[in-house]
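In: need a structure here:
(one chain, ligands or ions: 2)
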Amino acid sequence: MTTSNGTGAAMADAQAALKRYFGYESFRPGQQQAIEAILSGRDTLAIMPTGAGKSLCYQVPSLLFEGVTLVISPLIALMHDQVAALEAAGVPSAYLNSSLSSDEQRDVMDRVRAGEVVLLYCAPERLSRRDFRDLAASLDIALVAVDEAHCVSQWGHDFRPEYSMIGGFVAGLPRRPRLAAFTATATPRVKDDIVRVLGLRDPQVIQTSFDRPNLWFGTRRMSRSEKDQWIRQYVTGHPDDAGIVYCASRREVDELAESLRAAGTNARGYHAGMDSDTRRRVQEDFVADRVRVIVATNAFGMGIDKPDVRYVIHHNMPGSMEAYYQEAGRAGRDGDPGRCMLLWNDADINLRTRFINQDAAALGVGGGAGGDDGGFGGAGFAEGAGDAGAGGADGAEPGDVNPGGGAESRASQAAPQQFGQQISQQEALIASKRAQLNAMAGYCRTTQCLRAVILRYFGETPASEQCGNCLNCEGTFETIDMTAAAICVMRGVFYTLQNGGFGVGKSKLADMLHGSKSEAIVGSGLAGNKMYGSLSALPIAGIKDLITQMVSEGFLVIAEGRFPVVLFGPRMEETTHRGFRYLVKREASRNLSGGAGRGAGGAAGAGAGNGTYGAGSRGGAGTRADLTFDSTDDAELFDELRRVRTEIAREEGRPPYMVFNDRTLRQMVRDKPTTPDAFLAISGVGERKLEAYGDRFMQAIASFADRS
Ligand code: ADP
Ligand code: MG
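Out: Ligands and ions are numbered 1, 2, ... in the order given. A predicted model of the protein is given here:
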């Protein structure tokens, strides 16, 4: 076919542009397909995990087009950094946003009109401005690229109402350009919203695996003070690594940053309560390697393309796996190992449950008979109650779980409340948030391969149930065999579905298994379930936790709806196998064992975890070896090249990673290039950077060789 020939030639050009401007030898998974689709003129939706390299999917095509490529992106800070990085690579680009003076804006618009700009970044708000619409109408726009496209959907985790303007803007252009959307959120509803709201026409959908093999995952249950101590130890033990610590509230950010500074680090806090100048400075210090650790709320991160973040620690549990994976995914973008540790306790879950209950109240979604079925077992426990006070919702950031101000307008726009069987959109939204929280809580508790749990959550079938690169695969925690209890749960569900039964919610199921004599159980006939009272030895909260864990692992599912019910999941069959065993973590089992071992046992668990984590990060897990050198000479050369990089970065007023990232420097240490050809062969070295920086690095390498 002629198109494929045409595309073939175009792909050769794309490959050349990849090396010439960005210095990379080959495309990563998904990039080639996305670029091919865009070059062939099709609308495109690319769904790839954070760190996969979505930006290149529109940046490379933009270099091959006659016209300009318009990039719509939600954050001003992102634009500045991306444009700076593109300029460093020799790609003429610019951005338009409110951080520029009106003179500067006019200047940019003139450059764009004169055809001097390949990539123009702007925020969605800009699309409604008259001057911008006039400019756009006068341009030859080859491609509109929408970054972080999940922002169009309130089903995602970062809804931005302004994103709804994009579709109309594109439709109103004199000639419709190709439209390409990029996101790391893969749920069907978000996908549908993106296609519908942006008005994508018969898009080519490219979806890559969500696996990030270079990331190590771990979860640990700890009290608030254990968390703080653990984080202090980790951060001070890894002084050379860049890292992010996410907290749930502004107060926690301030307190933890202070305690890390007291421990001798130069950690800085970041949250939306700080003025924008301070925030910008903190962010710049971080990308410039002047600050190694940032303690932040979820306000930090989107739009920070710092490739060498070596760890992301969550001080609290986020509200959804989507949010968690996006935040954790900021580690190891350069492809080198990254550690993602999630610390949690019941108070975190209670806080998130409260957010959802507040949302439900704001949207007028009542509790109803099944209303508490999304709730969590930990609610009644002393530890949870104590920490919830400290965590407090006072400074929590809006926009994640809590839809904030947007909620009311959405509620009033929505269809009139339906009575009867149908679920209103608000109810469905709340039910989906509860389901997301459930999955997140299950991830915290599971004893199974964390990568497998993540991938299954995002709709993939994991290649293996043992990735070998997560805490659960390392298996360095104590477990309790709960096989008998798990089978009771499965059978209990079975009997609720027998004889035309529709199933029951999590709370009722737990009450029934525990043998509750409440009217709700006895009156509804659940006392007649063959499994009634079979788990009377466990507290109800513990049974709920067990169900939550089994849901996250795919043995059960909670069907969304006004009355969410527990049904069998895709892996139910495994529970019927002879050798089936079901394990829970001892650290997560305080509820199950009725609170015993809270003191010494808990502390010992935390200590063991520290040891494991430390050992793993010093090469135990294998992958970490990529970060170390064979000889002390090489380690010294690496330091020397970093010094050269810092010097150049300072002269040019750019963050060091925009000169070269750590991975590129590491390859220079290994290959020791001293000729232009050899230097150009290093991944991350393009023509522009060879020309601009090659001599200084090659000189450093040569004189180092002379010395040793
Ligand atoms: P995403 O937007 O998907 O989170 P980015 O576009 O920010 O990811 O890219 C993440 C990192 O991967 C960047 O540092 C980028 O330079 C790097 N990268 C992208 N594509 C490639 C490639 N083909 N080879 C090597 N590195 C790449
Ligand atoms: Mg991106």
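
In: contact residues of the stretch 201-350 of the chain facing ligand 1?
Out: For the stretch 201-350 of the chain, the contact set with ligand 1 under Cβ under 6 Å from any ligand atom comprises 305, 307, 333, 334. For every residue, glycine as well, the C-beta is placed using N, CA and C.

In: ok, 5 Å please
Out: By Cβ under 5 Å from any ligand atom, the residues of the stretch 201-350 of the chain that approach ligand 1 are 305, 307, 333.

In: count the neighbours of the last one for me.
Out: Other residues within reach of residue 333 by the criterion other Cβ atoms under 10 Å amount to 23.

In: grab the nearest non-local neighbour of residue 139.
Out: Sequence neighbours aside, residue 68 is the residue nearest to residue 139 in space, at 5.7 Å (criterion: Cβ to Cβ, 6 or more residues apart in numbering).

In: residues contacting the one you found?
Out: By Cβ atoms under 8 Å, 6 or more residues apart in numbering, the contact set of residue 68 is 62, 112, 115, 117, 118, 119, 120, 139, 140, 141, 142.

In: any idea how far ligand 1 is from the first one?
Out: According to Cβ to the nearest ligand atom, to the nearest Å, residue 62 and ligand 1 sit 13 Å apart.

In: and the residue nearest to residue 115 when sequence neighbours are not counted, bridged to which residues?
Out: Here the nearest residue to residue 115 in space, its sequence neighbours aside, is residue 68; by Cβ to Cβ, 6+ apart that works out to 7.6 Å. Under the criterion DSSP bridges, residue 68 forms beta bridges with residue 141.

In: let's number from 35 now, not from 1
Out: Renumbered: residue one is now 35, and that last one reads residue 102.

In: before we move on, the earlier item: most neighbours among the contacts of residue 102, please name it.
Out: Busiest of the contacts of residue 102 [other Cβ under 10 Å] is residue 154, holding 26 neighbours.

In: which parts of the helix or strand containing residue 673 are buried?
Out: Element membership of residue 673 [criterion: DSSP states H and E] is helix 666-686. In terms of neighbour count (16 or more other Cβ atoms under 10 Å), helix 666-686 has its buried residues at 668, 671, 672, 674, 675, 678, 679, 682, 683, 686.

In: make JSON lines from those and add distance to residue 187 and pLDDT to it.
Out: Shown next, in JSON lines, are the buried residues of helix 666-686 (distance: Cβ to Cβ, whole Å; pLDDT from 0 to 100):
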{"residue": "668", "distance to residue 187": "48", "pLDDT": "88"}
{"residue": "671", "distance to residue 187": "48", "pLDDT": "93"}
{"residue": "672", "distance to residue 187": "43", "pLDDT": "92"}
{"residue": "674", "distance to residue 187": "48", "pLDDT": "93"}
{"residue": "675", "distance to residue 187": "43", "pLDDT": "95"}
{"residue": "678", "distance to residue 187": "45", "pLDDT": "95"}
{"residue": "679", "distance to residue 187": "40", "pLDDT": "94"}
{"residue": "682", "distance to residue 187": "41", "pLDDT": "94"}
{"residue": "683", "distance to residue 187": "38", "pLDDT": "91"}
{"residue": "686", "distance to residue 187": "39", "pLDDT": "89"}
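
In: and the residue nearest the centre of this structure?
Out: residue 360 (0.7 Å; Cα atoms, centre = their mean).

In: quick check: closest non-adjacent residue to that residue.
Out: Nearest non-adjacent residue to residue 360 (Cβ to Cβ, 6+ apart): residue 84, at 5.2 Å.

In: hmm, that neighbour is touching residue 218, no?
Out: Yes. Look at residue 84 against residue 218 with Cβ atoms under 8 Å: they come within range, at 4.8 Å.

In: of the two, who's got more company?
Out: Taking neighbours as other Cβ under 10 Å, residue 84 and residue 218 compare with residue 218 leading, 22 against 19.

In: list the contacts of that one.
Out: 81, 82, 83, 84, 86, 88, 184, 359, 360, 363.

In: closest to residue 56 among those residues?
Out: Nearest to residue 56 among the contacts of residue 218 is residue 88, at 13.6 Å by Cβ to Cβ.

In: and for that closest one, the neighbour number?
Out: Residue 88 has 27 neighbouring residues, counting by other Cβ under 10 Å.

In: contact partners for it?
Out: Counting by Cβ under 8 Å, 6+ apart, residue 88 has contacts 80, 82, 181, 216, 218.

In: same thing but at 10 Å, please
Out: 62, 64-65, 68, 80-82, 179, 181-183, 214-218, 242 (Cβ atoms under 10 Å, 6 or more residues apart in numbering).

In: and residue 327, bridged to which residues?
Out: residue 277.

In: against residue 68, how distant is it?
Out: 34 Å (Cβ to Cβ, to the nearest Å).

In: so how far is the helix holding residue 673 from its chain's centroid?
Out: 31 Å (Cα atoms, centre = their mean, to the nearest Å).
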